[in-house]
Every structure is written in structure tokens, then in C-alpha cells.
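Trainee: next come a sequence and a model predicted from it.
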Amino acid sequence: MATQSETLKLSLSGRVKSKSSTPQALQIIDLKGFLFIYTNPESDLNVEYGEGMKKEPIFVTKPALPPLDEFIPYLEQIWDSKVLTNGGPFHAHLEQKLCHYLGVNQLALCTNGSIALLTALQALRISGEVITTPFTFVCTAHSLIWNNLTPVFVDIDPNTLNLDPKQIESAISPRTTAILPVHCYGTPCDVEQIQRVADIYGLKTIYDAAHAFGVKYQGKSVLNYGDLSILSMHATKVFNTFEGGAIVCHDEKMKERIGYLKNFGFADEVTVTAAGINGKMSEFNAALGLLQLQYIDANLAKRKAIDKRYREHFKHIQGITVLTPPKGTQSNYSYFPIFVNEDYPLTRDQLYFTMKDHQINGRRYFYPLISEMPMYRQLSSAKADNLPHAHRAANTVICLPIYPDLKLSDVDKICELISNAATSKKSTARKKIVSDTAHKTQVKKTLNGSLRHH
């Protein structure tokens, strides 16, 4: 099947443009002597599956992108200004726009979410031990190691899969300086209880909010909780700038410090205040972000419809559990995890590979647990009996495909497969029992006959 692809070719002649206003199979857009040639999804170009060709797979996610021709004017401005990075006009404008959209006071754009997390830990001068979750993407814990910090893992709440506040206090030691919770799948942490513990023990709180763009709790952005919050704008996230990230903070003084740290530590042309890093977002990424903001609400609405369709199906499939967001949550529908329980006829991995056999690519987010990885398993807090809920989640989870362009009919097919796989397994199991019983009966008859004969 024809898919939208982009090929960059050098134009050796003058400007070439589409000669018709009607949708064409190929669109050619000229930018300063370069030709962007791409297939137009609105055209009537159709490629039927031939003999031996596989059906197009369904991926766990696909990046939402605006129409290419709407991005060209932004690129032309970059070409004209020759400002590519170092806090250009698009960068400044996007920071301003995001503060307004997200309902936060200050926001510093970064190259990506990993750099944002590394920089945030530096900005707060965190040292010693940091309490965090093992049920997250590896970057959360890696950022601690890169800052010469020791992760201390505590178990998760089985209902939200976030750091369990009740487990935090017992993990605090004289070396503990901070808590690093994660809004897993965009589900808000128990922010009030985590803050209560942080206040009692004088700890800093940095939220890994990579999944939580646009999420609100009790009418307030979850990004406003804690000392700092970290966003990812990676291609897989609900809001992407190709690659990108941000640190949300509360005041100008902290934003200024972050600004120094993400620019090698430079305060001015001749003054370096800290051992900083190159963590600046480029003008290309910021320009895309400005355009993406025009589509974010529509994309979130599509995600919501997909989430709703999944939930309708799973009401009727025994042995599969789905998460229910805490009361007062305005979700961004960034992920749709399911959990394969003991009363489902297949194991999690059997279902996962059955889906793959049918070109449906879920992901086992987050398996294995970070605490089981070589660089962490020697920690005393990484012991399995310390993390029972995290282990159960890691061993039962599959994140199903969800992205704005996913068709509801494909959601139906995914759920039908999961339902049929269960029914088929039950039927096979019943047939095996009947077959085994019949076989035992026949053996018994044969033996009895043989005994009578002798």
C-alpha cells in the first residue's frame, strides 16, 4: 500500500510547483531550490496488495505531523534569517505559547527529554540518593547514574502504576535528597501525598512528566506540581517537535539557571557559571512545535475516541484489565495499556506474539523492569520481593496501538483478535481435554479386552 514518504532531491533548475489544485498522487514543493517530493494521501493513488505481499502492519504509535506545505513557510523564514539555534525567534515564541497552552509560569525548551532531566537534576544540585520507580522508561534511572546519583527503587501503586507514596518514607535515608516520580502513561501521581512526604523530610521533587503533556488534575496542570517537571516532545509523544523536551519551573530565577546550564554554562560572552551542556532546541524543532500546537486539540480528541472504543470492547473480554484514571483527571490518552490476568487463556507473551503474527505491534512497556537491568540489579532496593506490584505490572502489560490516525475499524480488529485468541485457546483446551479423555477410555478398553483375552 502506498504510504506517505518524503524524498529530498536537489533542484538543478528553477522553481517547480504542482500544476493542478486537485489532489495528485505526487506533490512537489520547492524550498529555496530544493524539491520536496512526497505522495499525497488525499490522492486516488491506490496500490493493491499483490501475491505474497503482507498487509501493512499496525504500529504501537505513529507521529502526528501537520501538512508538509504548512511547514514550508516556517522553513523559508529560517532560511531567510539564517538563525538556526541559540534561542532564536521561533524558540522564544514556542516557550511563550506552551506556557499559555499548558497553564504554567515558566518553561525552558531543551534538545530532548533526556537532556531536560539531566539538566533539571543539575539545576537543583541534587546529590546522594534519589527515590524513584522501577516501572518506567530507562531514561529516568539513567539520568541519575549520569549525575553520579544512586537510585533507590520503591514499589508502585497497583491501581495507578505510579510511585506509591506509602512506600517512600521507609526508603528515606540520611543520603536521600530528592524524589523522582513518573506520571506513568500520563496518569497523575498522588501529588498531594508525595509533596507531604517531601515537605516533612526536606526533599526536592522532580516529576518525570514525559507522558503527561496537557494532562490536568483537579483542574490544574500536573506540570505545576513539584520543584520541576520534565516534558518529552519525542516523535512518539502526543505533542512532538521531531525531537524535543522542556523543563517546567516556577520562577524566572530558576529558568535563568536552566538557561545557563543548557548553554554550556555561559551567563554571557565571557562568563561561565557552571559545567553546562549543549541542550538547546533548534529553530527547526521550535518551528514545528508552533505548527503542531494548531493541531494538538484535534489530535487529543481523536485519541480520546480511540481510548473510548477500546474501553467499550474490553468490558466484554474476560481476563483483561485496563487502567482507570484517578477522579479529577483530564487525560491526554497517550497510551492504552492492558494487563493480561491469570483468567485469560493465554499468557501475556503468548498474546503479544499472536498479535505480532497478525501484524499488530503492541509493546511491553515497561518490561523488563529497570531494577532487573545489569547496571541496577546489584542495588539492595532492586530485589524482586521489594517490588511485587512493579513485577506483576511488567509481566502482564501490553500497550496497544494508539495514535490520531488509527482507524476505529482497526481498533475493532485488534480487540476482535484479542477476544478470538481467548475463545480459540479455550476451544483448543476443551478439545484437548475431550481428546485426552477419549484416549484414556480407549486405552482402558484395550487393556481390559487384553486382560480378558489372556
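Mentor: Ah, there it is.
Trainee: where does the prediction get shaky in this structure?
Mentor: Filtered on pLDDT under 70, the chain yields the residue ranges 1-54, 425-454.
Trainee: show me where it has helices.
Mentor: Listed in chain order, the helices of the chain (DSSP state H) span residues 68-81, 89-102, 113-123, 139-146, 165-168, 191-201, 252-261, 283-293, 296-314, 348-357, 388-396, 408-453.
Trainee: make JSON lines out of the ones you listed and add distance to residue 331 and mean neighbour count.
Mentor: Placement of C-beta: from N, CA and C, glycine included. Compiled in JSON lines, the helices of the chain are given as follows (distance: least, C-beta to C-beta, whole Å; neighbours: other C-beta atoms under 10 Å):
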{"stretch": "helix 68-81", "distance to residue 331": "27", "mean neighbour count": "14"}
{"stretch": "helix 89-102", "distance to residue 331": "15", "mean neighbour count": "18"}
{"stretch": "helix 113-123", "distance to residue 331": "19", "mean neighbour count": "26"}
{"stretch": "helix 139-146", "distance to residue 331": "21", "mean neighbour count": "20"}
{"stretch": "helix 165-168", "distance to residue 331": "21", "mean neighbour count": "18"}
{"stretch": "helix 191-201", "distance to residue 331": "15", "mean neighbour count": "16"}
{"stretch": "helix 252-261", "distance to residue 331": "28", "mean neighbour count": "18"}
{"stretch": "helix 283-293", "distance to residue 331": "19", "mean neighbour count": "22"}
{"stretch": "helix 296-314", "distance to residue 331": "8", "mean neighbour count": "16"}
{"stretch": "helix 348-357", "distance to residue 331": "24", "mean neighbour count": "16"}
{"stretch": "helix 388-396", "distance to residue 331": "19", "mean neighbour count": "19"}
{"stretch": "helix 408-453", "distance to residue 331": "17", "mean neighbour count": "12"}
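Trainee: which of the ones you listed sits closest to residue 329?
Mentor: Smallest distance to residue 329 across the helices of the chain (C-beta to C-beta): 11.3 Å, for helix 191-201.
Trainee: circling back: residue 217 is nearest to which of the helices of the chain?
Mentor: Closest to residue 217 of these is helix 191-201 (C-beta to C-beta; 6.7 Å).
Trainee: what about that closest one, distance to the chain center?
Mentor: The offset between the C-alpha centroid of helix 191-201 and the centroid of the whole chain comes to 26 Å, using C-alpha atoms, centre = their mean, to the nearest Å.
Trainee: neighbouring contacts of that helix?
Mentor: Taking contacts as C-beta atoms under 8 Å, 6 or more residues apart in numbering, the residues outside helix 191-201 that touch it are 163, 165-166, 168-169, 172, 176, 179, 181, 203-205, 217, 222, 225-226.
Trainee: only the buried subset of the residues you listed, as a ChimeraX command please.
Mentor: One line in ChimeraX is enough to select the buried members of the contacts of helix 191-201, burial here meaning 16 or more other C-beta atoms under 10 Å:
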select :163,165,168,172,176,179,181,203,204,205,217,222,225,226
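Trainee: relative to residue 102, which of the contacts of helix 191-201 is nearest.
Mentor: Minimum separation from residue 102 among these (C-beta to C-beta) is found for residue 222, which lies at 9.7 Å.
Trainee: in terms of contact, does the closest one touch residue 211 like I think?
Mentor: No. Contact status for residue 222 versus residue 211: not in contact, 10.1 Å apart, counting by C-beta atoms under 8 Å.
Trainee: shared neighbours of the two, anything?
Mentor: Residues touching both residue 222 and residue 211 (C-beta under 8 Å, 6+ apart) are residue 183.
Trainee: of all the helices of the chain, which one comes closest to residue 130?
Mentor: Taking C-beta to C-beta, helix 139-146 is the member of those nearest to residue 130, at 5.4 Å.
Trainee: and that closest one, what other elements does it pack with?
Mentor: Secondary structure elements in contact with helix 139-146, counted by 3 or more C-beta pairs under 8 Å, 6 or more residues apart in numbering; DSSP states H and E, are helix 113-123, strand 129-132, strand 150-153.
Trainee: which of the ones you listed sits closest to residue 92?
Mentor: Each of the helices and strands packed on helix 139-146 was checked against residue 92 via C-beta to C-beta, and the shortest separation belongs to helix 113-123, namely 17.6 Å.
Trainee: what's that closest one in contact with?
Mentor: Helix 113-123 is contacted from outside by 110, 130, 139-140, 142-144, 146-147, 149, 178, 206, 208, 210, 228, 230-234, 244-247, 249, 254, 257-258, 261-262, 274, 277, 279, using C-beta under 8 Å, 6+ apart.
Trainee: got it, and stretch 144-152?
Mentor: Taking C-beta under 8 Å, 6+ apart as the rule, stretch 144-152 contacts 118, 121-122, 126-132, 141, 171, 173, 175-176, 180, 370, 375-376, 379, 381.
Trainee: what's the end-to-end length of it?
Mentor: The first residue of stretch 144-152 is 10 Å away from its last residue (C-alpha to C-alpha, to the nearest Å).
Trainee: from residue 309, how far off is residue 126?
Mentor: If you measure residue 126 against residue 309 using C-beta to C-beta, to the nearest Å, the figure is 42 Å.
Trainee: for residue 86, same thing?
Mentor: Distance, residue 86 to residue 309, by C-beta to C-beta: 45 Å.
Trainee: so what's residue 267 up against?
Mentor: Contacts here follow C-beta under 8 Å, 6+ apart; on that basis residue 267 touches 260, 273.
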